[in-house]
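Student: here's my sequence, what's the structure:
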Amino acid sequence: METEFDVRITANILYDYMLHHTYSSLPGIMGSIVGVLMLILFASNRQPLCLVIGAVILLYLPWTLFIKSRQQALSTPAFRKPLHYRLSDEGIAVSQDDTTEQMGWDGMVKAVSTLHSIVVYTTPVNACIFPKKDLGDSKYKVIEIISAHMPPKKVKIRG
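Tutor: Reported below is the predicted structural model:
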């Protein structure tokens, strides 16, 4: 079982990944809860400081992630050209120009889907990002290969 495809990592794709990565972690969830609680507190006692703190907490992180995704897309040379991926029984191979890197399935941490991508984490913080728009019809083949080679508890992909 094997499939190959090219992807382009854009600022919007990075932003989608960063939002998912941040808000699916404990600090991201806790920050959102604190921000909402501050807004609820403002609604009950009309303290302007609660409104300001809640708004800053809820708006600061998405805004900084937006800025960071734009900067990273512009400053990372690998994102200027398409990345070629090959998913096979051996793992995931990514290549660009004359460089190829192979990663085995046993080293993959988890696989998830975001609104715009399928993401395979190679470490807790690094990932292969497959934009759904670039996958086209091979999206289901990619999901099938990932699901066949990773334990079900590590795969949280919705088509």
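
Student: avg pLDDT for the helix of greatest length in the chain?
Tutor: Longest helix in the chain, counting residues (DSSP state H): helix 48-75. Mean per-residue pLDDT for helix 48-75: 93.

Student: sheet-wise, list the partners of the helix or strand that it is followed by with their directions.
Tutor: Downstream of helix 48-75, the first helix or strand assigned by DSSP states H and E is strand 83-88. Pairing partners of strand 83-88, with direction, according to DSSP bridges: strand 3-7 (antiparallel), strand 91-96 (antiparallel).

Student: can I get those in JSON lines with mean neighbour count and distance to Asn126?
Tutor: Where C-beta positions appear, they are placed from N, C-alpha and C, glycine not excepted. Putting the strands paired with strand 83-88 into JSON lines (neighbours: other Cβ atoms under 10 Å; distance: least, Cβ to Cβ, whole Å) gives the following:
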{"stretch": "strand 3-7", "mean neighbour count": "16", "distance to Asn126": "16"}
{"stretch": "strand 91-96", "mean neighbour count": "17", "distance to Asn126": "12"}
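
Student: domain-wise, how is the chain divided?
Tutor: If you go by automatic domain parsing, the domain ranges for the chain are 3-9+79-156, 13-75.

Student: list the buried residues in stretch 143-156.
Tutor: If you call a residue buried by 16 or more other Cβ atoms under 10 Å, then stretch 143-156 has these buried ones: Ile143, Ile145, Ile146, His149, Met150, Val155.
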